[in-house]
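Asks: here are the coordinates; sequence isn't available:
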């Protein structure tokens, strides 16, 4: 399933090598880019992120990448967001209170409350709601200090528990956003990436 039109957005805060390697194991050949035209035209786009919300948004705005990302997600074009990438889709984050997110949906990332371990690092059970196409139950690898606690309107969610329920992933058609790292989640994560590849194919109609 080699596909040179799968691009990974260079956010400046991500371990891009592991994301590209994970996509390759799932049958997708991806290239890294920071060109707005590539993000706008690619058949599939991946928005990864490990690190600071504010730094990632600064990179996206400086690179004129906000508009093509928002437009393609709004149009339901195949897009995968990973870890911080999920949080960037919202309106903002407690990590960088003064920084606006992409605003794809009206939910803000908040810090974990109580005395739970932060960051959450390790494996956690993912439980999808009924009606999800790509998401299935299983264990995924997480590394996050903030989380979404509400499902945006028009999306289907998968949930995990860490100091209470939180959003593990969101799905809407060919758009998939994961708080966990599918590229680090073993066979289960690879299978998820393969299902997303099928759902995001121009020839696919089931998703």
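Replies: Okay, I see it. Worth saying up front: this structure is predicted, and the values here are computed from it rather than measured. Numbering: from 1, shown residues only.

Asks: and the residue sitting furthest away from the middle of the chain, what element?
Replies: The C-alpha centroid of the chain is most remote from residue 115, which lies 26.4 Å away (CA atoms, centre = their mean). For residue 115, there is no enclosing helix or strand under DSSP states H and E.

Asks: try residue 141
Replies: Residue 141 is located in strand 138-144, with elements delineated by DSSP H and E.

Asks: just checking, next helix/strand downstream of that strand?
Replies: strand 146-147.

Asks: which secondary structure elements does that following strand contact?
Replies: Under the contact definition 3 or more CB pairs under 8 Å, 6 or more residues apart in numbering; DSSP states H and E, strand 146-147 sits against strand 108-111. C-betas here are computed from N, CA, C, even on glycine.

Asks: And the next helix or strand past the strand it packs on?
Replies: Downstream of strand 108-111 (by DSSP H and E), the next one is strand 120-128.

Asks: list the buried ones in that following strand?
Replies: By neighbour count on 16 or more other CB atoms under 10 Å, the buried set for strand 120-128 is 120, 124, 126-128.

Asks: Please apply the same query to stretch 67-81.
Replies: In stretch 67-81, counting by 16+ other CB under 10 Å, buried: 68-69, 72-73, 77-81.

Asks: Where strands are concerned, which of these count?
Replies: Of the buried residues of stretch 67-81, the ones assigned to strands by DSSP state E are 79-81.

Asks: What is the nearest of the residues you listed to residue 162?
Replies: Nearest to residue 162, judged by CB to CB, of these is residue 81 at 19.4 Å.

Asks: Please tell me the pLDDT value assigned to the closest one.
Replies: Confidence at residue 81, expressed as pLDDT, is 97.

Asks: Can we start the residue count at 55 from this point?
Replies: Sounds good: first residue 55 from here, last item residue 135.

Asks: so where's the chain uncertain?
Replies: For the chain, the stretches with pLDDT under 70 are 55-58, 256-261.

Asks: Tell me where the chain has strands.
Replies: Under DSSP E, the chain gives strands at 60-63, 84-87, 98-101, 133-136, 146-147, 162-165, 174-182, 192-198, 200-201, 210-215, 219-226, 229-232.

Asks: Just send these back as TSV, with distance to residue 242 too.
Replies: Output for these, formatted as TSV (distance: least, CB to CB, whole Å):
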stretch	distance to residue 242
strand 60-63	21
strand 84-87	20
strand 98-101	18
strand 133-136	15
strand 146-147	27
strand 162-165	24
strand 174-182	8
strand 192-198	4
strand 200-201	20
strand 210-215	12
strand 219-226	12
strand 229-232	12
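
Asks: Assess the claim that residue 119 and residue 63 are in contact.
Replies: Yes - taking contacts as CB atoms under 8 Å, residue 119 lies within contact range of residue 63: 6.4 Å.

Asks: neighbour-wise, which of these two wins?
Replies: residue 63 (31 against 24; other CB atoms under 10 Å).

Asks: and that one, what is it in contact with?
Replies: By CB atoms under 8 Å, 6 or more residues apart in numbering, the contact list for residue 63 reads 87-88, 93, 99-102, 114, 119, 123.

Asks: One more: residue 140?
Replies: By CB under 8 Å, 6+ apart, the contact list for residue 140 reads 202, 221, 223-224, 231-233.

Asks: Same question for residue 118.
Replies: residue 90.
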